[in-house]
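Asker: after the sequence you'll find the predicted model.
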Amino acid sequence: MTAPEQRWTRPVGRWTPPLDRGALTAVLERVREWQAFDGGALLDDVAVALDDVVPAEECVEDITQRLRVHLMRLVAIAVAAEAEHDEETARLIERARTVRCEDVPGDRWKAVGHLRRMGWTVNGLLERLVAIKCLKGAA
């Protein structure tokens, strides 16, 4: 015995997408550009920046750029989690924004100092986000 066929008796309106074509294309592009948080890569870059062995001069700019990306991602995570209401986190976010925007000094040793400040800032913000449970432990 088969169940009787069910029919809708009320008219259903035509579905319209929530965004227009241009907005959907923009969302798709952002999704394609998205990269997952990689705590292992972050810790590797912090280790290079803070190691006793000074990075080679030609590597400083590249490491600095990667640390900038880590800082932007950590700040975005903190803001999305509304963690900036925590006083310590707000202080670290402000420091991250400041150090991220600074130009790399032309002098090698000043550039290494800047790189290390960025490394300490990335590390501090990561530890704070883990402590307030915005992130699980990295790596």
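Answerer: Happy to help now that I have it. Numbering: from 1, shown residues only.

Asker: hey, let's count contacts and neighbours off CA atoms from now on
Answerer: Noted.

Asker: run a quick neighbour tally on V130.
Answerer: Counted by other Cα atoms under 10 Å, the residues lying close to V130 total 14.

Asker: wait, it sits on G124?
Answerer: No. Counting by Cα atoms under 8 Å, V130 sits too far from G124 to count as a contact (9.9 Å).

Asker: roughly how far apart are the residue minimising distance to the centre of the chain and A41?
Answerer: The residue lying closest to the centre of the chain (Cα atoms, centre = their mean) is R73, at 1.2 Å. Distance from R73 to A41, counting by Cα to Cα, to the nearest Å: 13 Å.

Asker: could you pull out the helices for this protein?
Answerer: Using DSSP state H, the helices of the chain run over 21-33, 39-50, 57-80, 87-101, 108-131.

Asker: can you state the direction angle for the second one and helix 57-80?
Answerer: In other words, helix 39-50. Using axes from the mean of the first three to the mean of the last three Cα atoms, to 10 degrees, the inter-axis angle of helix 39-50 relative to helix 57-80 is 130 degrees.

Asker: distance from the chain centre to helix 39-50, please.
Answerer: In terms of Cα atoms, centre = their mean, to the nearest Å, the centre of helix 39-50 is found 14 Å from the chain centre.

Asker: where in the chain is pLDDT low?
Answerer: By pLDDT under 70, the low-scoring segments of the chain are 1-4, 138-139.

Asker: tell me, how many neighbours does A47 end up with?
Answerer: Per other Cα under 10 Å, the neighbour tally for A47 reads 15.

Asker: how about the contacts made by it?
Answerer: By Cα atoms under 8 Å, 6 or more residues apart in numbering, A47 lies in contact with G119.

Asker: what about it, distance to N123?
Answerer: From A47 over to N123 (counting by Cα to Cα), the distance is 9 Å.

Asker: repeat that for T16.
Answerer: 46 Å.

Asker: then D51?
Answerer: If you go by Cα to Cα, the gap between D51 and N123 works out to 13 Å.

Asker: give me the more crowded residue out of these two.
Answerer: Under the criterion of other Cα under 10 Å, the comparison of D51 against N123 puts N123 first, with 19 against 12.

Asker: alright, that wraps it up for me.
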